[in-house]
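> sequence first, then the predicted structure:
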Amino acid sequence: MRSCKLLIVGAGAAGMSAALSAWEAGCRDIILADRASRPGGILHQCIHEGFGRRESGSELTGPEYAAMLAGKLERSGVTFLPDTDVLSVEADKTAVCSGKSGLERICFEQIILASGCRERTIGSLPVAGTRPAGIFTAGQAQELINLRHLDPGNEVLILGSGDLGMIMARRFTLEGRHVIAVLEQEAQYGGMARNFHRCIEAFSIPLRCRMTIKQIHGENRICGVTAEHIDSGEREFIACDTLVTALGLIPERELCCKGVEGEKWLYLAGNCRKVHDIVDSAAADGERIGKMAASGFYM
Ligand SMILES: Cc1cc2nc3c(=O)[nH]c(=O)nc-3n(C[C@H](O)[C@H](O)[C@H](O)COP(=O)(O)OP(=O)(O)OC[C@H]3O[C@@H](n4cnc5c(N)ncnc54)[C@H](O)[C@@H]3O)c2cc1C
């Protein structure tokens, strides 16, 4: 059985930062496992600038920032284990993993979960109608456009004005697609002012507040939605061929078996602990947790 002092699950911004700070703090036996074949996590699909201000003072793109951290990782003695899906974390301080050579257990002294988060889907809202093609979460649309160079659709309605919703409104516009509107249930946009100015205002994309959707229309492909004005209850039909939902993120920490949460040897970092709006703060969190876990060995 493979073993290590510190096992870190997830090599996104938080996991890589945790590994680097634990290494710098003197922990010399670290495995960083990720189900993907390269480190970076969600950063690879964030091709816009705005990352790494904290470290470099400049605005890097997501892939550039991932490459910077991955470079530091390579120069350290941290063992990166790619293509390794951690299936569960057990109370006997082992993690069950599925890798290229099949199932294996990794035995550890401490573990940091830096497994990120998942997106809330349309299923989380009371929306009537079928679920035809053309409905994507913002993260799925971001991956399709930025990583796979595919075209999700032309007439795009975005539900939710958090950072991801606003970033995707700009992305679709830059791709030459028509963003009909961003609908928001609250009285103002949900994300950062910086993203509102850079992504919505700068591109004159309509932001319609106090609105939600009640029904999806279309058979094979979505052809529109029934939207509701929350204050008046009035409804209107909005034609679209693409609906992008940006409804929030949920920390991904279902890996822990019964009785494991609350153990002193278990740490959570980055979006897995608490959803961070920006990568820099997820990385800062990873850095702090990595140091804390490493100091556990020397107390
Ligand atoms: C879809 C999406 C899009 C985003 N877009 C932007 C953006 O455009 N701009 C911006 O500033 N911020 C964006 N954010 C927010 C920002 O990216 C995050 O705050 C930050 O990158 C999170 O870092 P992380 O390391 O916590 O998670 P992630 O980057 O999500 O890393 C988690 C890693 O864990 C791995 N993993 C998960 N479960 C397992 C497992 N069981 N076994 C092995 N490996 C596992 C994953 O493969 C992944 O590499 C986005 C977030 C999401 C979810």
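Noted; the coordinates are in hand.
> for the ligand, what's its nearest residue on the stretch 151-299 of the chain.
The minimum distance from the stretch 151-299 of the chain to the ligand, using Cβ to the nearest ligand atom, falls at Gly270 (2.6 Å). Placement of C-beta: from N, CA and C, glycine included.
> wait, that residue sits on Ala14?
Yes: distance between Gly270 and Ala14: 2.3 Å, which falls inside the contact criterion (Cβ atoms under 8 Å).
> now list whatever residues contact both of these two.
Here Gly270 and Ala14 share the contacting residues Ala114, Gly116, Ala282, Ala283, Asp285, Gly286, scored by Cβ atoms under 8 Å, 6 or more residues apart in numbering.
> so which of the residues you listed is the closest to Gly41?
The closest of these to Gly41 turns out to be Gly116 (Cβ to Cβ; 5.9 Å).
> from Asp83, how far out is the closest one?
Relative to Asp83, Gly116 is positioned 17 Å away (Cβ to Cβ, to the nearest Å).
> looking at those two, which has the bigger crowd around it?
Gly116 (22 against 14; other Cβ atoms under 10 Å).
> isn't the more buried one right up against Val9?
No: assessed by Cβ under 8 Å, Gly116 is found out of contact with Val9, at 9.8 Å.
> does the ligand sit close to the helix or strand of the chain at the bottom of the mean pLDDT ranking?
Least confident element among the helices and strands of the chain, by mean pLDDT, DSSP states H and E: helix 53-56 (a mean of 71). No: for helix 53-56, no contact with the ligand is found by Cβ under 6 Å from any ligand atom; the gap never falls below 10.8 Å.
> can you list the residues that contact the longest strand along the chain?
Using DSSP state E to define each element, the chain has its longest strand at strand 102-113. By Cβ under 8 Å, 6+ apart, the list of residues contacting strand 102-113 from outside reads 1-10, 15, 18, 22, 31, 33, 87, 89, 93-97, 253, 255-256, 265-269, 272, 286, 289-290, 293, 296-297.
> in strands, which of those residues fall?
Here DSSP E is the test, and those give 2-9, 31, 33, 87, 89, 94-97, 266-268 as lying in strands.
> and the stretch 51-200 of the chain, which of its residues are near the ligand?
Asp85, Val86, Ala114, Ser115, Gly116, Cys117, Glu119, Gly139, Gln142, Leu164, Ile167.
> for the fourth one, which non-adjacent residue is spatially closest?
This means Ser115. The shortest distance from Ser115 to any non-neighbouring residue, by Cβ to Cβ, 6 or more residues apart in numbering, is to Gly10 (4.2 Å).
> how about that neighbour, what does it touch?
Going by Cβ under 8 Å, 6+ apart, the list of residues near Gly10 reads Ala33, Asp34, Gly41, Leu113, Ala114, Ser115, Gly116, Gly270, Cys272.
> could you report the neighbour count for the first one?
Ala33 has 24 neighbouring residues, counting by other Cβ under 10 Å.
> so where is this structure shaky, pLDDT-wise?
Within the chain, the stretches with pLDDT under 70 are 56, 297-299.
> residue ranges of the helices in it, please?
13-24, 53-56, 62-75, 138-146, 163-174, 193-195, 279-298 (DSSP state H).
> mean neighbour count and distance to Ile213 for the ones you listed - can I get that in a markdown table?
Compiled in a markdown table, the helices of the chain are given as follows (neighbours: other Cβ atoms under 10 Å; distance: least, Cβ to Cβ, whole Å):
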| stretch | mean neighbour count | distance to Ile213 |
| --- | --- | --- |
| helix 13-24 | 29 | 32 |
| helix 53-56 | 14 | 35 |
| helix 62-75 | 18 | 29 |
| helix 138-146 | 20 | 15 |
| helix 163-174 | 23 | 13 |
| helix 193-195 | 16 | 22 |
| helix 279-298 | 21 | 29 |
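> which one of those lies nearest to Arg208?
helix 163-174 (11.9 Å).
> now Asn154: phi and psi?
Per-residue torsions, Asn154: phi -110, psi -50 (degrees, to the nearest 10).
> so what's it up against?
By Cβ under 8 Å, 6+ apart, Asn154 lies in contact with Arg177, His178, Asp241, Thr242.
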